[in-house]
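Novice: I would like to see how this sequence folds:
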Amino acid sequence: MPRPDPSSAPEITPDFGWPRRARLLFADLFVFDPQRLAWRLAIRTMIGLIIPLELAHLLALPALSWAGIGAYLVAIGDSTDDGDRRQTLRLVVGSVLGGLALASGVLAGAALVLAVILMIFWGALAGLIGVYGNAFATMGLPVAWAYVELGLPVHDHSLASAARLGALFTLGGAITLLSTVLFRIAGPYAPLKRQTEACFRVLASYLDRVAAGREDDPRALVSSETNVRAAIAEARRIAGALRRGQHGWSLVAQRLLVLIEIAERLFARAALLREGAGLASAPPSSLAFFADTARQVADALAARVNAQTLRVALARLEPMTAHGEETADIARQTHEGMAIALAHAIRITLGDEMPEPVPVPPSPSETHGLSAWLAPLTQCLDPESVVARHALRFGIVAAIAVIIFWFFPSPFGYWIPLTVTVVLKPYAGATLARTVQRIFGTGAGILVSAALMPFLAGPQAELAAVFIFFFCMMLVLPFNYSLAIFFLSAGLIPFEHFLSPGVARNVALMRLAGTSIGAVLAIVGGHLLWPSFERKTLPFLLKSSIASMAVYTDRVLAKSDQASYVEAHRLAGRDTTNLQAAVQRSASEIGGDAEMMAASALAASALQRLFISLNAVATAVPASAAPAMEGFRKALVATLRNLAGDGGGFPALCAGALPSGFLGYELSRMVSEVTLLRTALDRLANHRG
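Specialist: You can find the predicted model right below:
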């Protein structure tokens, strides 16, 4: 195979003009993945909403509607589960704080000054909750919504009204908690099971690309390898969160952990075939079959295929694993290794093979007192803390929105602060992306709703439309916000008519106006009030990625022990994935230096390619080759450590003579990749200078 010329490494610079950034902003509008539909979330959400609404209508007790609305909002706040085993606590916190926020909103609705002050308080609190994780950050939103959407618009500002409505909201949260417990069929390992399923689905898509010989777009900011690695890393993170405080794993968890490791091994071998071993002994038809089999394992985890389907696949795999003799053909050896790994995955999934017991190291002792709970909050109270700045910005911008809401035609003004709460994010680029999704989803939903309303005769027809649209909203909420807002907007108009039959017919236009005003406020506030831009994190992420890659290079080329290699592989993969994801998100930010962004993307691409080459050597080169790589290893590690420093004018890599064959080919690729990385860093240094 031809050896790359290190002196002429291709310099492919991603385009960071506004057409490219606009495409990135609009790309998420059309994402749809039927495998990620949240059926369980949608069902339990609609139970909490519809039952109180029907009882309110049948028993002529309108107050019960507040319990249904509370249940619905708390369920939306529970749409993120990061596997921290605190779902019950989050539901209790969201229900109690939401009830208090609603009650205070009822009282504050009598005076603008008090309404603004309390909006700052509840907005800041909702932002600070995010310090306990993404799931708590999501649960902070219904707390803010209870204040601005339910409390402030109420006409009766008496203490009795505040207490009654706050209690009904908390009751709705209790209904959501109860339905969650009843629908927790999959047990505490449901998030890990879903993510393991996601690992095999994204792996199947990657295998399809390998079988078809499709290369990534050289200007793409995130490679297909990164998508697989990110899914596996997230599965391991969830497993780590679940492991805390446990003395042992259940059999279900052990099987999932083994499947995650199998997905990792399959990915490494597939990347090896794609990156240079050749497909002569691994025909595309076999790789396509491997992709289908990985997809069937994912379907089995989601209970979408029966055992017989997997056994048929296993019968086809077994002849591919029966050779057993040593071979110098790397492609054939890799092909057989993939067949063995998939057969192992099927047997584990079917329960035909028991996984080895997974040892769980003892968790460090934790303090559960008030000081332990307050520690994350006190640690983030710093002017440079992204969480603290977001919390303050969130409260202030929402308070400004409340002032506008005060003078907006009643009863539609609450959509202004409501939009601010859902659009404003910790980073300015994320705020812009969420704004685009919100406006397009709202506009499309309003058009559909306006066309549908003349055909909805009576409250039951309106409630049926609400059920359908809100159910669809919860189905897609975990993976596509713009589509979720489309269904929400389509259902919200009949919902308003169901709750208030005499509501004005221009409700759709007023919603669009309120949403637009709130979106503008969020963008302006997110970019003017202590803005946080992800592009500013790129230098730190780049240095971290190079440093961890130096360690991984040392472990791979020295053929170190398995434990140190696995940990170095994990850290290098994590840092490279984080860097590429940050580059992608930074591309949609307003402003930013195009040259700096392009050079950062070039460096991220070089690190990704280096990581793949190292994976190929780790997978296919035996330990006996370590002495032949010793000189190269020292030179390459020293170069990477130098590149991870702060200096500029980085010297070229002097690697010396390289061996022949597959090993020499991969080492030559590494020289090219480090040369490209050095070029990118020189561009960054010269630009800063």
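Novice: where in the stretch 251-400 of the chain is pLDDT low?
Specialist: Filtered on pLDDT under 70, the stretch 251-400 of the chain yields the residue ranges 275-284, 322-329, 355-372.
Novice: And the stretch 451-600 of the chain, by the same measure?
Specialist: In the stretch 451-600 of the chain, residues with pLDDT under 70: 502-505, 592.
Novice: Not counting its neighbours along the chain, what's nearest Thr138?
Specialist: Thr80 (4.2 Å; Cβ to Cβ, 6 or more residues apart in numbering). Placement of C-beta: from N, CA and C, glycine included.
Novice: whoops, I mixed them up, Met46
Specialist: Phe471 (5.2 Å).
Novice: ok, the one you found - how many residues close by?
Specialist: 18 (other Cβ atoms under 10 Å).
Novice: just checking, what packs against the helix or strand hosting it?
Specialist: Counting by DSSP states H and E, the element that carries Phe471 is helix 459-476. Counting by 3 or more Cβ pairs under 8 Å, 6 or more residues apart in numbering; DSSP states H and E, the packing neighbours recorded for helix 459-476 are helix 39-58, helix 64-77, helix 481-499.
Novice: Distance of Arg641 relative to Pro627?
Specialist: 22 Å (Cβ to Cβ, to the nearest Å).
Novice: do Lys425 as well
Specialist: 52 Å.
Novice: of those two, who's got more company?
Specialist: Under the neighbour definition other Cβ under 10 Å, Lys425 and Pro627 were set side by side, and Lys425 has more, 20 against 9.
Novice: Can you classify that one by secondary structure?
Specialist: Taken by DSSP: H, G, I helix; E, B strand; the rest coil, the conformation at Lys425 corresponds to coil.
Novice: what's the closest non-adjacent residue to it?
Specialist: Per Cβ to Cβ, 6+ apart, closest to Lys425 is Thr431, 4.7 Å.
Novice: list the contacts for that neighbour?
Specialist: 423-425, 522-523, 526-527 (Cβ atoms under 8 Å, 6 or more residues apart in numbering).
Novice: I figured the residue nearest to Met46 hits Leu41, correct?
Specialist: No. Between Phe471 and Leu41 there is no contact under Cβ atoms under 8 Å: 10.1 Å.
Novice: buried stuff in stretch 169-179?
Specialist: Buried residues in stretch 169-179, counted by 16 or more other Cβ atoms under 10 Å: 169-177, 179.
Novice: wait, I meant stretch 29-45
Specialist: 29, 36-38, 40-42, 44-45.
Novice: Okay, Leu676 and Asn642: tell me how far apart.
Specialist: Taking Cβ to Cβ, one finds Leu676 at 16 Å from Asn642.
Novice: So which of the two has more stuff around it?
Specialist: Leu676 (22 against 16).
Novice: And the helix or strand hosting the more buried one, how far out from the chain middle?
Specialist: Per DSSP H and E: Leu676 is located in helix 661-688. Distance of helix 661-688 from the chain centroid (Cα atoms, centre = their mean, to the nearest Å) equals 30 Å.
Novice: Can you tell me how far the nearest residue to Leu182 once chain neighbours are set aside is from Met338?
Specialist: Leaving out its chain neighbours, the residue that sits closest to Leu182 by Cβ to Cβ, 6+ apart is Arg44, at 7.6 Å. Distance from Arg44 to Met338, counting by Cβ to Cβ: 39 Å.
Novice: swap in Ala680?
Specialist: Distance from Ala680 to Met338, by Cβ to Cβ: 33 Å.
Novice: Show me which of those two is the more surrounded one.
Specialist: Met338 (28 against 24).
Novice: Not counting sequence-adjacent ones, nearest residue to the more buried one?
Specialist: Met338 sits nearest to Arg269 (Cβ to Cβ, 6+ apart), 4.9 Å away.
Novice: before we move on, which element is the one you found in?
Specialist: With DSSP H and E as criterion, Arg269 is part of helix 251-272.
Novice: now do Pro531
Specialist: Going by DSSP H and E, Pro531 is not in any helix or strand.
Novice: check contacts around it.
Specialist: Contacts of Pro531 (Cβ under 8 Å, 6+ apart): Ala428.
Novice: So which residues of the stretch 1-150 of the chain form helices?
Specialist: Using DSSP state H, counting those that start in this stretch, the helices found in the stretch 1-150 of the chain span residues 18-27, 39-58, 64-77, 87-108, 112-128, 134-145.
Novice: Kindly apply the preceding question to the stretch 151-300 of the chain instead.
Specialist: 159-182, 190-212, 224-243, 251-272, 284-301.
Novice: Out of the ones you listed, which is closest to Ile485?
Specialist: Using Cβ to Cβ as the measure, helix 159-182 is the one of the helices of the stretch 151-300 of the chain that comes nearest Ile485, at 20.9 Å.
Novice: contact partners of the closest one?
Specialist: 44-45, 47-48, 51-52, 63-64, 66-75, 78, 87-88, 91-92, 94-96, 98-100, 102-104, 106-107, 146, 150-151, 154.
Novice: quick check: angle from it to helix 39-58?
Specialist: 140 degrees (axes from the mean of the first three to the mean of the last three Cα atoms, to 10 degrees).
Novice: what's the spacing between helix 159-182 and its chain's center?
Specialist: For helix 159-182, the distance to the chain centre is 30 Å (Cα atoms, centre = their mean).
Novice: Show the average pLDDT along it.
Specialist: Averaged over helix 159-182, pLDDT sits at 92.
Novice: CA atoms only for it - export them in CSV, please.
Specialist: Extracted in CSV, the C-alpha atoms of helix 159-182 (Å, rounded to 0.1, in the frame of the first residue of the first chain):
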residue,chain,number,x,y,z
LEU,A,159,-53.7,34.5,49.6
ALA,A,160,-56.4,31.8,49.4
SER,A,161,-56.1,31.7,45.6
ALA,A,162,-52.3,31.4,45.8
ALA,A,163,-52.5,28.6,48.3
ARG,A,164,-55.2,26.7,46.3
LEU,A,165,-53.4,26.9,43.0
GLY,A,166,-50.0,26.1,44.4
ALA,A,167,-51.4,23.0,46.1
LEU,A,168,-53.1,21.9,42.8
PHE,A,169,-49.8,22.3,40.9
THR,A,170,-48.0,20.2,43.6
LEU,A,171,-50.9,17.6,43.3
GLY,A,172,-50.2,17.5,39.6
GLY,A,173,-46.6,16.8,40.2
ALA,A,174,-47.6,14.0,42.6
ILE,A,175,-49.7,12.5,39.8
THR,A,176,-46.6,12.6,37.5
LEU,A,177,-44.5,11.0,40.2
LEU,A,178,-47.1,8.2,40.7
SER,A,179,-47.4,7.5,36.9
THR,A,180,-43.6,7.5,36.7
VAL,A,181,-43.4,4.8,39.4
LEU,A,182,-46.1,2.8,37.7
